[in-house]
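*Asks:* Sequence and predicted model, in that order:
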Amino acid sequence: MKALRQMGSGFIIGVISLLLVIGGISLSLAETTAPSPPSTPSPLPTTFAVEFASPLLSPTLFPTLPPEISTDTLTPIPTATLAQTQPCSIPAGWTPIVVGVNDTLYSIAERYKTTADNLNTSNCLNDVVPPAGSVIYVPPVPTVTVIPCGPPSTWRKTHIVKPGENLYRISLLYRTTVAQLQSANCMGSSTIIHVGQALYVPNVPTSTPAATSTAARTSTSTMDFSTPTPTPSNTPDFSTPTNTATKTPDFSTPTQTSTPPSPSP
């Protein structure tokens, strides 16, 4: 390290000496040459262009590197084509309505006897609930055929419904059918009647329906699980017989007894 320092200092001294020699030669040459005439001063420009060199773009400090050329094969990116929206085709015969404040697809579908999916598809709603005030199309409401009802001329409104009665029992009483009772009383397909309600019935005497016997004869054998009562039985008597008194014949001589004579008549 000491040798390097000595070499560096000697090199610096040599350079300084060389510069001094060159400066002395140049001074001597300048004295020997004749002075040149003074140049005519040029007018100063009215505008000044000031240029600021960027120190960061110096070619000596930061050399530019050649651009890298990539050899990867570029894959073309497919471009998405926008599908053309088809115009919404409304079914034939459908009529427009205005959606109310509290309307939903389900309530509208129930009102016009269709389904919410059918309304969604036919109006191209794409599962978007239509806001209030918008217009959607609905199918025509089917016409309801009104069936005329009413009692025949011979029927009278004389039967008062009692507790436990129904249309079937009443039809048996008046020898008619449930359908005729429904039509005469404008009940439609309902079978609901109330206690105290007056009904039109045929003007015929009532008949009492025969009671049907539902009891079936069944023969069942019941087993007696009670304890049997012992019954007396004739069992032989093996006991020793006891001596009983027997009559002993009398061998004594009989005594004569006098018999009085019977009185003569």
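*Replies:* That came through fine. Residues are numbered from 1 along each chain as shown.

*Asks:* Could you find the closest non-adjacent residue to residue 100?
*Replies:* Using Cβ to Cβ, 6 or more residues apart in numbering and skipping residues adjacent in sequence, the residue nearest residue 100 is residue 132, 6.3 Å away. Backbone N, C-alpha and C define where each C-beta goes, glycine included.

*Asks:* Can you report how many residues neighbour residue 172?
*Replies:* 15 (other Cβ atoms under 10 Å).

*Asks:* what about the helix or strand hosting it, average pLDDT?
*Replies:* Using DSSP states H and E, residue 172 falls within helix 167-173. Averaged across helix 167-173, the pLDDT comes to 94.

*Asks:* Quick check: next helix or strand after it?
*Replies:* helix 178-184.

*Asks:* and that next one, what other elements does it pack with?
*Replies:* Under the contact criterion of 3 or more Cβ pairs under 8 Å, 6 or more residues apart in numbering; DSSP states H and E, helix 178-184 touches helix 167-173, strand 198-202.

*Asks:* Can you list the residue ranges for helices in the stretch 51-200 of the chain?
*Replies:* Counting by DSSP state H, counting those that start in this stretch, the stretch 51-200 of the chain has helices at residues 105-111, 116-122, 167-173, 178-184.

*Asks:* where does residue 206 land on pLDDT?
*Replies:* 78.

*Asks:* ditto for the one 3 residues further on
*Replies:* Residue 209 is assigned a predicted lDDT (pLDDT) of 56.

*Asks:* With residue 261 instead?
*Replies:* 56.

*Asks:* Which parts of this structure belong to which domain?
*Replies:* Listed by automatic domain parsing, the domain ranges of the chain are 95-138, 155-202.

*Asks:* In terms of helices and strands, where is residue 5?
*Replies:* Assigned by DSSP H and E, residue 5 falls in helix 2-32.

*Asks:* Tell me the spacing between residue 23 and residue 9.
*Replies:* Applying Cβ to Cβ, to the nearest Å, the value for residue 23 to residue 9 is 21 Å.

*Asks:* Ok, residue 152 next?
*Replies:* Counting by Cβ to Cβ, the gap from residue 152 to residue 9 is 146 Å.

*Asks:* which intervals of the protein have sub-threshold pLDDT?
*Replies:* Applying pLDDT under 70 to the chain flags residues 1, 31-87, 143-146, 208-265.

*Asks:* ok so, going back, could I get the helices and strands packed on helix 178-184 in TSV, plus columns for distance to residue 128?
*Replies:* Supplementary listing: the helices and strands packed on helix 178-184 in TSV, determined by distance: least, Cβ to Cβ, whole Å:
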stretch	distance to residue 128
helix 167-173	50
strand 198-202	53
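
*Asks:* Looking at the ones you listed, which one is packed in the most?
*Replies:* Across those, averaging neighbours per residue (mean count of other Cβ atoms under 10 Å) puts strand 198-202 on top, at a mean of 19.
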